[in-house]
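Participant: sequence plus the predicted model coming up.
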Number of protein chains: 2
Amino acid sequence: MRENRSQYAILSLLRLGPMSGYDIKTACESFFSHFWTESFGSIYPILNQLENRQQVRSYEDDKRTGGRNRRVYQITSAGRKALRAWLSKPPVQRSLRDELYLKLFNATLVPADVHRSHIEQLQTQLIALKQDLAQHMRELKAQHSASPDYTHWRLVVRAGQLSCDARLKWCREALAELSDQ
Amino acid sequence: MRENRSQYAILSLLRLGPMSGYDIKTACESFFSHFWTESFGSIYPILNQLENRQQVRSYEDDKRTGGRNRRVYQITSAGRKALRAWLSKPPVQRSLRDELYLKLFNATLVPADVHRSHIEQLQTQLIALKQDLAQHMRELKAQHSASPDYTHWRLVVRAGQLSCDARLKWCREALAELSDQ
DNA sequence: CCAGGCATGTAACTGGTTACATGATTTG
DNA sequence: CAAATCATGTAACCAGTTACATGCCTGG
């Protein structure tokens, strides 16, 4: 059984307060950036499904300034219950696929420069990610250190940092090894 | 454009020598275990597609002992060329989705034990993975240290090790933080 | 004789992305 | 007025998984 997880990502954000589909996308990009993504093509249809199942409720957000009308969703107790049920199940590892390593596995088929530049690109992305995560951590401390969620949110960001550092270390090792040949 | 990557995983293995669909699955599990998976449901149809495109050739493997007849595939120069073309393109990061962190984000909704046990489960898996990777590294050294692929294959395993260690470190930190509360 | 490993294949499904269509309002 | 931002939605697509069907041969 392969369950749609987008619904739980959406409910996770909705439990923080009422949001529109657009807000959910934005919140996803800021809160979940380093471990989860959602697209509009999932968000809007799933919000409708959740409403049919009475796991969210919505209302038209009238009298607002800028942009077209918004529909704002809020989680219901049925929604919270569904989220809780999912949380209790052990997380399942979905298939793992890392293109970089698959390419590196075949490195001898193309000039060495190719892979060096792929790794350098990754390194650049990771350096940017490292700064994002540091910034994220500072904001978390400043805005949520009193929240009961703080410990867990901190751990989530911390996981990103450790993983990012490990990959950066690998990039340095790999580049060193690939150049002295 | 979202390209089917299974075909390249299959070509990657086929460049090491002729294999059946079954062999490919097995090789995938041993060579790629920590960064790539394939299922029979992809392998067999894709082998046919590759043959139609003349990127692989096949023959019936008669007079063998045990099991039913095998069809053995070998890569052609067109196949090698297609693989090379893909290798040169920068690897694209496909959407990132880690259930554990999404669950942890909502940790306050369920008893603390739930997440502790999820993390302990992960820790157990990672310890097993660490041993697998160490074993894999030893075999690599023993069997392929003379091969031109050795440096790259070593780096691929090394990436798994660094990532595994980083995640283990996170598990320890997380469990420490979640228990003294 | 049956469980398990070897072996091939197909059908059904779906999660999730991409691209497109549409439109209001603000700002430079 | 064009571009950017806010905002919602749908249609098409497909990569990849799961489940099922089938069958040979070996060893306990």
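Facilitator: Sure, I can see it. Just so it is clear, the model here is predicted, and its values are computed rather than measured.

Participant: longest helix in chain A, by number of residues?
Facilitator: In chain A, with assignment by DSSP state H, the single longest helix is helix A:112-144.

Participant: pull up the residues of chain A that are close to DNA strand D.
Facilitator: By Cβ under 7 Å from any atom of the strand, the residues of chain A that approach DNA strand D are A:1-2, A:20-23, A:40-41, A:44-45, A:47-48, A:64, A:66-72, A:95, A:97. For every residue, glycine as well, the C-beta is placed using N, CA and C.

Participant: try 6 Å this time
Facilitator: Residues of chain A lying close to DNA strand D (Cβ under 6 Å from any atom of the strand) are A:1-2, A:20-22, A:40-41, A:44-45, A:66-68, A:70-71, A:95, A:97.

Participant: pick the one among the residues you listed closest to B:Gln125.
Facilitator: Closest approach between those and B:Gln125, by Cβ to Cβ: A:Ser95, at 15.1 Å.

Participant: now do the strands in chain A.
Facilitator: Secondary structure of chain A (DSSP state E): strands at A:19-20, A:56-61, A:70-75.

Participant: make JSON lines from the ones you listed and add mean neighbour count, distance to DNA strand C and mean pLDDT to it.
Facilitator: Converted to JSON lines, these look like this (neighbours: other Cβ atoms under 10 Å in any protein chain shown; distance: least, Cβ to the nearest atom of the strand, whole Å; pLDDT from 0 to 100):
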{"stretch": "strand A:19-20", "mean neighbour count": "20", "distance to DNA strand C": "12", "mean pLDDT": "96"}
{"stretch": "strand A:56-61", "mean neighbour count": "14", "distance to DNA strand C": "13", "mean pLDDT": "93"}
{"stretch": "strand A:70-75", "mean neighbour count": "18", "distance to DNA strand C": "9", "mean pLDDT": "96"}
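
Participant: redo these as a markdown table? Include distance to A:Ser179.
Facilitator: Formatted as a markdown table, those follow (distance: least, Cβ to Cβ, whole Å):
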| stretch | distance to A:Ser179 |
| --- | --- |
| strand A:19-20 | 48 |
| strand A:56-61 | 54 |
| strand A:70-75 | 53 |
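
Participant: minimum distance to chain B: which of those has it?
Facilitator: With Cβ to the nearest Cβ as the criterion, chain B lies closest to strand A:70-75 of those, at 10.9 Å.

Participant: what's next to the closest one, contact-wise?
Facilitator: Residues from elsewhere that reach strand A:70-75, judged by Cβ atoms under 8 Å, 6 or more residues apart in numbering or on different chains: A:11, A:14-15, A:17-22, A:47, A:50-51, A:55-61, A:64, A:83.
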